[in-house]
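Undergrad: Got a predicted structure plus its sequence, pasted below:
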Protein chains: 2
Amino acid sequence: MDRQLIRELNNKINEEVKIKGWIHKIRKLGRIAFIILRDRTGIVQCVVDTKTIDIKGLKLEAVVEILGTVTKTNNSSSDIEVQVTELNIISKVIDDLPIEINKNNMEANLDTILDNRVLSLRNLKINAIFKIQAEIAHSFSEFLQKEDFTEIFTPKIVAEGAEGGTELFEVKYFDKKAYLAQSPQFYKQMLVGAGYERVYEIGHVYRAESHDTKRHVNEFVSLDLEMAFIEDECELINLETNLLKFIFKNLKIKCSNELSILEAKIPEINGEIPCLPLPEAIKILREKYNKINLSEDIDHEGEELISQYAKETFSSDLIFLTHYPKAKRPMYTKPSENGLTHSFDLIFRGIEITTGGQRINDYEELKNSIIANGLNPESFSSYLDIFKYGMPPHGGLAIGLERLTSKLLNLDNIREATLFVRDRYRFRP
Amino acid sequence: MDRQLIRELNNKINEEVKIKGWIHKIRKLGRIAFIILRDRTGIVQCVVDTKTIDIKGLKLEAVVEILGTVTKTNNSSSDIEVQVTELNIISKVIDDLPIEINKNNMEANLDTILDNRVLSLRNLKINAIFKIQAEIAHSFSEFLQKEDFTEIFTPKIVAEGAEGGTELFEVKYFDKKAYLAQSPQFYKQMLVGAGYERVYEIGHVYRAESHDTKRHVNEFVSLDLEMAFIEDECELINLETNLLKFIFKNLKIKCSNELSILEAKIPEINGEIPCLPLPEAIKILREKYNKINLSEDIDHEGEELISQYAKETFSSDLIFLTHYPKAKRPMYTKPSENGLTHSFDLIFRGIEITTGGQRINDYEELKNSIIANGLNPESFSSYLDIFKYGMPPHGGLAIGLERLTSKLLNLDNIREATLFVRDRYRFRP
């Protein structure tokens, strides 16, 4: 008999089935035992007559195979259950569980959850987080495929960093010193110039910053895209708006079960996402929220307040901040007027999830910008030289996958949306 | 007027269009100049009357915008051309091109091609390689999504290596020593055990081996998958067979243009891919090909000969070798009988493109196997401990994306199928 998945049992009423999975819960009532079995598709209650089937020694989280008949039930949580005729243990549990998995909300602090990552992922809520994350990444790719983007795989071992300032992890590369890429920035621009015009990459990026906040990890997944022949950054803002609409719609369809387990509400994007020039945002923060410590850029508290403003004023969970000052942006950012740039951030529920913008595409302008940023053009020659040979106007953006996931699901800490956390203090498991 | 892509011009006969791209070729014939324009979708001939439009100073590879009318033509290479009414330079070429791009076959050695990676990618043949590669990766993902696999993103900064023997790149991780992951092996197994059952990852892996061959680079993309509740390795062999059929079919449909540019022939898989136990393969190599230096394992020459055998005997470009000896496989490999294992390689046109197999899923058996391999179980505790808490039978495989691409396209060196090569001597650009 073939194995049936638990989600398929609704179509198997009064049929004999074979199911496989983990023992999620056991409850005994006289000679009857109620076993909740869990597989990758859900949970189901199985009814065992302990007079005919011995379940002594059966432990929570053991992997079993169950044969039985699917019946209708009046149980409040489900329409069906399985009347068990045979139960075989496939893989035993040989030690006490270090954490309790089958509670709706795990009673453990974040460190314990991360120390026991694989077991904590068996918890229904925690498990659902990464099914949703997978669907975000998949939808990102699906949308861009439809928009004629080419997927790229660029090296993470690099000779130089893409942006001054951010610290890099050093790699011993044979007898040379190399670094882990802090972003695919240079490579995605180079591949636009190589003729692909529209490229995207879903890959890890590395930041050796030693801060320890709820918003930062040191290795994360960046959803990166870059496109040629744009007029200005507004095309990128439009693209990201449509991209997020597509992702959110897909999540509602494909992850409705996971979203309901997590009690998460996907934001509505009606028409456009509001845009606010940064200088105006700073003025609003000063006048409306009495936040007087900002001059050129916005800090984390400012991001939270401007999100509050967006919610109150536009009923929007998302807001684009535009017109960032040149002084606060990397050397490749395209300047506009009055010391400002064609760049933007997207703030989502109090946190920046995207930085993007148009890039400089003129060789001399880029070279001068590198110098003006106190950097040496020779260190960037394999990037800079490309601009000598016909580089179309272009721009792009990056979305932090873990940040987007955590804000969508109202998780308190980005670590909850990171499969295996790498931070200042953690590089195991 | 909106920009039209070159591939769309066939539907615009006698219409005025705006096209944008790179100057691929210029040929002058009296007062007429024939310009081949190239965008991400193809090339088209543009006819310029140099009496009315000045093209002095126009250089190959400049980025331009052309306005004109699409007309039918009797040209042998195309049905249409564009009668130019306006030509504007968007981005100039300010230096001599270091390589000639517009030849069908680039007249440059591999090092020159890789030194000038971004320019060489503008060559039609070289450009096509990575469109095909992107479609392979995308098809891999699409197939596994349909088979209910969850995409995962596992860390590349790790505390230990997954397999003894292979050398690791060292990373300075704050005040600690870490390594770059040589495979997601432990993590994908752990996530199977976390309840996802079926997982896949498309990501970089790192091998610090210092050999310098046409088959190896030190950073490459691994198409990894792992699945639970398998009977044995035959399920994995079946899955990979169907996966490859799916990828090959997709390539023929979606990349027909690129395949024809590269004159590449996608292999036919009729029914099953032939399977041969390794001991039998070694016997055949000894008796039929007089290759007598093999005892337990196969070497690269053996892979080439066994491919020749598969072609001659089964008319197949692919052959699975099965029943590898325990001594030649990593410690997590599931043993079968007589010192052999439930593992396999897939050989494609003379090279191994996949290693896969069933894994040990019993805690004690795995612990003993680690010890028998001369390793310390404590070094693997975050991996090993998972097997105490209910681990289903499972297995998986990995496909090297660059190897598969290079063999599909009959490229001589894996570096030709690697966007930005990282090897013993190269970590730039």
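TA: Nice, thanks for sending it over.
Undergrad: From now on I want contacts and neighbour counts done on CA atoms only, so please keep to that.
TA: Fine.
Undergrad: so residue A:180 makes contact with residue A:154?
TA: No: in terms of CA atoms under 8 Å, residue A:180 does not count as a neighbour of residue A:154; the distance is 11.7 Å.
Undergrad: Just give the nearest non-adjacent residue to the residue sitting furthest away from the middle of chain A, would you?
TA: Centroid-distance maximum for chain A: residue A:51 at 48.5 Å, with CA atoms, centre = their mean. Distances taken as CA to CA, 6 or more residues apart in numbering or on different chains place residue A:31 nearest to residue A:51, at 6.5 Å, with adjacent residues excluded.
Undergrad: how many neighbours does the one you found have?
TA: By other CA atoms under 10 Å in any protein chain shown, the residues close to residue A:31 number 10.
Undergrad: who does residue A:389 bridge with?
TA: residue B:93 (DSSP bridges).
Undergrad: Could you list the low-confidence segments of chain A?
TA: For chain A, the stretches with pLDDT under 70 are A:162-166.
Undergrad: Tell me the first helix or strand C-terminal of the lengthiest strand in it.
TA: Taking DSSP state E as the criterion, chain A has its longest strand at strand A:16-29. Remark: after strand A:16-29, the chain's next helix or strand is strand A:32-39, criterion DSSP states H and E.
Undergrad: helices or strands next to that next one in the packing?
TA: Contacts defined by 3 or more CA pairs under 8 Å, 6 or more residues apart in numbering or on different chains; DSSP states H and E place strand A:32-39 against strand A:16-29, strand A:42-49.
Undergrad: just the helices in the stretch 51-200 of chain A please.
TA: In the stretch 51-200 of chain A, the helices defined using DSSP state H, counting those that start in this stretch lie at A:110-115, A:117-120, A:124-146, A:185-191.
Undergrad: Next, find the distance separating the closest residue to residue A:36 other than its chain neighbours from chain B.
TA: Setting aside the residues directly before and after it, residue A:36 is nearest to residue A:45 in space (CA to CA, 6+ apart), at 4.5 Å. Applying CA to the nearest CA, to the nearest Å, the value for residue A:45 to chain B is 17 Å.
Undergrad: Show me the beta-bridge partners of residue A:45.
TA: Bridge pairing for residue A:45 - DSSP bridges - gives residue A:36, residue A:81.
Undergrad: list the contacts for it?
TA: Contacts for residue A:45 were tallied using CA atoms under 8 Å, 6 or more residues apart in numbering or on different chains; they are A:34, A:35, A:36, A:37, A:80, A:81, A:82.
Undergrad: Which residues of the stretch 251-400 of chain A lie near chain B?
TA: Applying CA under 8 Å from any CA of the partner chain, we find that the stretch 251-400 of chain A lies next to chain B at A:362, A:382, A:383, A:386, A:388, A:389, A:390, A:391, A:392.
Undergrad: Narrow these to just the buried residues.
TA: Neighbour-count burial (16 or more other CA atoms under 10 Å in any protein chain shown) applied to these gives A:362, A:382, A:383, A:386, A:388, A:389, A:390, A:391, A:392.
Undergrad: of all these, which two lie farthest apart?
TA: A:382 and A:392 (17.4 Å; CA to CA).
Undergrad: near chain B at all, stretch A:147-165?
TA: Yes: against chain B, stretch A:147-165 shows contacts by CA under 8 Å from any CA at A:150, A:151, A:152, A:153, A:154, A:155, A:157, A:158, A:159.
Undergrad: Run a quick check on the first one versus residue A:199, I expect a contact.
TA: Read that as residue A:150. Yes: between residue A:150 and residue A:199 a contact is recorded at 4.7 Å, counting by CA under 8 Å.
Undergrad: okay, and the common contacts of the two?
TA: By CA under 8 Å, 6+ apart, no residue touches both residue A:150 and residue A:199.
Undergrad: Next one: residue A:65 from residue A:178, what distance?
TA: Plainly put, residue A:65 is 50 Å away from residue A:178 if you go by CA to CA, to the nearest Å.
Undergrad: Which one's more surrounded, those two?
TA: Taking neighbours as other CA under 10 Å, residue A:65 and residue A:178 compare with residue A:178 leading, 21 against 17.
Undergrad: Tell me which residues touch that one, please.
TA: By CA under 8 Å, 6+ apart, the contact list for residue A:178 reads A:157, A:158, A:159, A:160, A:170, A:171, A:172.
Undergrad: again, but for residue A:114
TA: Counting by CA under 8 Å, 6+ apart, residue A:114 touches A:120, A:420, A:421.
Undergrad: Check the gap between it and chain B for me.
TA: Using CA to the nearest CA, residue A:114 is found at 11 Å from chain B.
Undergrad: Which two of the residues of stretch A:147-165 next to chain B have the greatest separation?
TA: A:150 and A:159 (24.7 Å).
Undergrad: Next, count neighbours for residue A:201.
TA: Counted with other CA under 10 Å, residue A:201 comes out at 22.
Undergrad: hang on, I meant residue A:205
TA: Using other CA under 10 Å, residue A:205 is surrounded by 19 other residues.
Undergrad: Perfect, that will be all.
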